[in-house]
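> predicted model follows, preceded by the sequence.
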Amino acid sequence: MTRADSSEARPASRTAGARPGFVFLYALAYAVLWLALLTPIIVTLALKVQQLAPGDTTRPLSLVFGVGAIFALVSNPLFGALSDRTTSRFGRRRPWLVGGILCGLFALAMIGAASNITTVLIGWCIAQLAFNATLAALVAVLPDQVPIAQRGTVAGILGVCMPVGNVAGTFLVQALPQNIWMALVVPGAIGTAGVLLFAFTIDDPPIGARPPASQQNFFSTYLIDPRQHPDFAWAWISRVFFVMGTATFQAYQPLFLMDHLGIAVHALPNHVFESTLLQSALLVISSAIGGRLSDRFGRRKIFVFAGSAVYGMGLWLIGTADSYSAFLIGVAATGIGQGTYVGVDLALFTDVLPRQKEDAAKDLGLVNVTNTLPQILSPAIAPWILAASDSGYAVLFSAAGLLCLFGSLAILPLKQVR
């Protein structure tokens, strides 16, 4: 048997199920990668830009985030395609896991040591390229090594990882000394350690030769014909609508609390932490339960449909809230809805990938675009809605809730999965 034959035969042997040790290391790597990537977005990039431009932080920070988001948008499917075509003797995922996470750590150190905004911008663009290369390879491990019957459970565990990384990053920065370089590098170092541990223990056999790349191959990285693969297209549209709703809440929660509910500036961090903790706790619980039930009943659509619809209802409750307590009720609903959605949605996508064996990382890279594109669209659209209506945030969150409802309806046409 040739090496190529052997590499094709190995995944079939995994149908007995992914072992607990593998799942633990996979979830750990996924969580600490988000820790390294989200901590700068939530806290430390703003602190660094404020240090360099104390008089006018908003515009340079928006520039850094905006350009970085464009790099993230383009890089994930590109590096996914490169991972799919990697024929290294070290495997096709391992080189990108190792190279991406090490380059990401270098970029965070570069940002921490930067003496001007231009260097911060360049460093963050490198970080987005590097971490998205890592993410593309890491997500592709799910269809590579987890059998279909177990993907809901594993996807549910992975759905917990992003909020865990979010909360852990915030706590970590508060616990560190007042040193921005450390606040950037320490989360990055933890992420590097976790991803390297997984990369060097994973079973990642080399693949046989792939056809040489061409200009047509390159452009196909960013395109999937919806006529040939309608299920993938509908699932992609569903996630764009859903993430538009979540992005709107994340971006405008602080302003809603201050402008609509009258929360004082000095009290805002505590209120945001309380709501984030409540949402994250319910997300973790509902994600794990939803993923497990999805595998048990062999169904994906109902969980994704319900999760998006419940999140939309939560946004409507938030938009009409006239007190902090009423706001928290809406937040609780969004936590349950988001957990139910993310606990199953990734498993659903792996079930409808157009070319699961050959192009899993590239196609999942296109899925990851749905996490970035709404981050660009939502801030561009929301100010127009706020300016056009006297009701302000009620209309904004109602519109975002309607998008989530559209996201749930977009799941219904899928035929390959139940």
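Sure thing, it's come through. Numbers count the residues shown, from 1 in each chain.
> report the secondary structure element holding residue 88.
Following DSSP states H and E, one finds residue 88 outside all helices and strands.
> okay, it and residue 206: tell me how far apart.
Note on residue 88: its distance to residue 206, by C-beta to C-beta, to the nearest Å, is 6 Å. Heads up, the C-betas are built off the backbone N, CA and C, glycines and all.
> looking at these two, which one has more neighbours?
Legend: neighbour count by other C-beta atoms under 10 Å for residue 88 and residue 206, higher for residue 206 (16 against 13).
> name the SS class of the more buried one, please.
At residue 206 the chain is in coil, as set by DSSP: H, G, I helix; E, B strand; the rest coil.
> that one - nearest residue in space that isn't next to it in sequence?
Nearest in space to residue 206, with sequence neighbours left out and distances taken as C-beta to C-beta, 6 or more residues apart in numbering, is residue 89 at 5.3 Å.
> surely the one you found touches residue 207?
No: contact criterion C-beta atoms under 8 Å: residue 89 and residue 207 do not qualify, at 10.5 Å.
> how about the strands in the stretch 251-400 of the chain?
Remark: no strands are assigned in the stretch 251-400 of the chain by DSSP state E, counting those that start in this stretch.
> so where's it uncertain?
251, 265, 269, 353-365, 368, 375, 379-380, 389-391 (pLDDT under 70).
> can you pull out the helices in it?
Counting by DSSP state H, counting those that start in this stretch, the stretch 251-400 of the chain has helices at residues 268-297, 301-319, 324-351, 356-388, 393-409.
> coming back round to it: neighbours of the residue nearest to residue 206, how many?
8.
> could you check how far the most centrally placed residue in the chain is from residue 246?
Nearest to the geometric centre of the chain sits residue 371, at 5.5 Å (C-alpha atoms, centre = their mean). As judged by C-beta to C-beta, residue 371 and residue 246 stand 9 Å apart.
> same deal with residue 285?
For residue 285, the distance to residue 246 - C-beta to C-beta - is 18 Å.
> of those two, which one has the most company?
Neighbours were counted for residue 285 and for residue 246 using other C-beta under 10 Å; residue 246 has more, 24 against 15.
> work out for me the element the more buried one sits within.
According to DSSP H and E, residue 246 maps onto helix 230-255.
> so how far is that helix from its chain's centroid?
Offset of helix 230-255 from its chain centre (C-alpha atoms, centre = their mean, to the nearest Å): 11 Å.
> mind giving me the packing neighbours of it?
The helices and strands touching helix 230-255, judged by 3 or more C-beta pairs under 8 Å, 6 or more residues apart in numbering; DSSP states H and E, are helix 268-297, helix 301-319, helix 324-351, helix 356-388, helix 393-409.
> mind listing what the residue nearest to the centre of the chain touches?
By C-beta atoms under 8 Å, 6 or more residues apart in numbering, the residues touching residue 371 are residue 243.
> how near is it to residue 231?
For residue 371, the distance to residue 231 - C-beta to C-beta - is 20 Å.
> between the host helix or strand of residue 134 and helix 324-351, how many degrees?
Element membership for residue 134, per DSSP H and E: helix 117-145. Between helix 117-145 and helix 324-351, the angle formed by their directions is 60 degrees, by axes from the mean of the first three to the mean of the last three C-alpha atoms, to 10 degrees.
> and for the residue lying closest to residue 108 once chain neighbours are set aside, the neighbour number?
Ranked by C-beta to C-beta, 6+ apart and with sequence neighbours excluded, the top spatial neighbour of residue 108 is residue 188, at 4.0 Å. Counted by other C-beta under 10 Å, the residues lying close to residue 188 total 29.
> what's the per-residue pLDDT of residue 188 here?
We have a pLDDT of 93 for residue 188.
> for residue 3, same thing?
The model reports residue 3 with a pLDDT of 37.
> next one: the one 10 residues further on
Looking at residue 13, its pLDDT reads 38.
> quick one on the thing from earlier: and of the helices and strands packed on helix 230-255, who's closest to residue 83?
Distance to residue 83, taken as C-beta to C-beta, is lowest for helix 356-388 among those, at 4.3 Å.
> and the contacts of the helix or strand the residue nearest to residue 108 falls within?
In this structure, residue 188 sits in helix 180-199 according to DSSP H and E. By C-beta under 8 Å, 6+ apart, the surrounding residues in contact with helix 180-199 are 25-26, 28-29, 31-33, 35-37, 39-40, 43-44, 47-48, 51, 93-94, 97-98, 101-102, 104-105, 108-109, 111-113, 134, 138, 169, 172-173, 176.
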